[in-house]
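>>> need the 3D shape of this:
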Amino acid sequence: MRPPAELDLVQWHSLTHAYGSAEDVPQLIRALYESDDETADEALYELYGNIHHQGTVYSASAPAVPFLAHAVRHAPTKRAELLMWGSAHRTR
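Reported below is the predicted structural model:
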């Protein structure tokens with residue numbers, strides 16, 4: 001697990017996701033911790049579409065996992081949704 005404080009240690013600009021540069025990934029992961037459900041829901045939706053689009057793995061996917069694992073533990077309002085990513089992938 002990696003806390004959001006370490007997001008800037010990853011060179012996201014050199015990684016890609018479904019829609020190009022992964023520069024937006026840190027901002028989206030940070031938004032998972034927001035108390036505003038709408039903001040966190042939007043970030044979750046975008047992250048899923050960006051780093052796991054139609055089950056495809058991108059260069060930004062693996063580096064995002066430790067941060068998402070941290071969010072499972074520390075952003076409890078999105079815990080169920082984040083855990084479903086893994087189970088949805090395994091059942092295919």
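>>> what about D8, how many residues nearby?
D8 has 9 neighbouring residues, counting by other C-beta atoms under 10 Å. Any C-beta I mention is one placed from the backbone N, CA and C, and that applies to glycine too.
>>> surely it is in a strand?
No: with DSSP: H, G, I helix; E, B strand; the rest coil as the criterion, D8 is located in helix rather than a strand.
>>> list the contacts of it.
By C-beta atoms under 8 Å, 6 or more residues apart in numbering, the contact list for D8 reads P26.
>>> how much space between it and A80?
28 Å (C-beta to C-beta, to the nearest Å).
>>> ok, A31 next?
Taking C-beta to C-beta, one finds A31 at 17 Å from A80.
>>> who has more neighbours, these two?
Ranked by neighbour count (other C-beta under 10 Å), A31 and A80 place A31 first, with 20 against 9.
>>> I'd guessed the more buried one sits against T39; true?
Yes: shown here, A31 and T39 form a contact pair, counting by C-beta atoms under 8 Å, at 5.3 Å.
>>> against L7, how distant is V57?
Taking C-beta to C-beta as the measure, V57 and L7 are separated by 20 Å.
>>> so for these two, which residue has more residues nearby?
L7 (18 against 12).
>>> which residues of the chain fall in strands?
Along the chain, counting by DSSP state E, strands occupy 16-17, 20-21.
>>> can you add distance to M84 and give those strands back as TSV?
Output for those, formatted as TSV (distance: least, C-beta to C-beta, whole Å):
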stretch	distance to M84
strand 16-17	19
strand 20-21	26
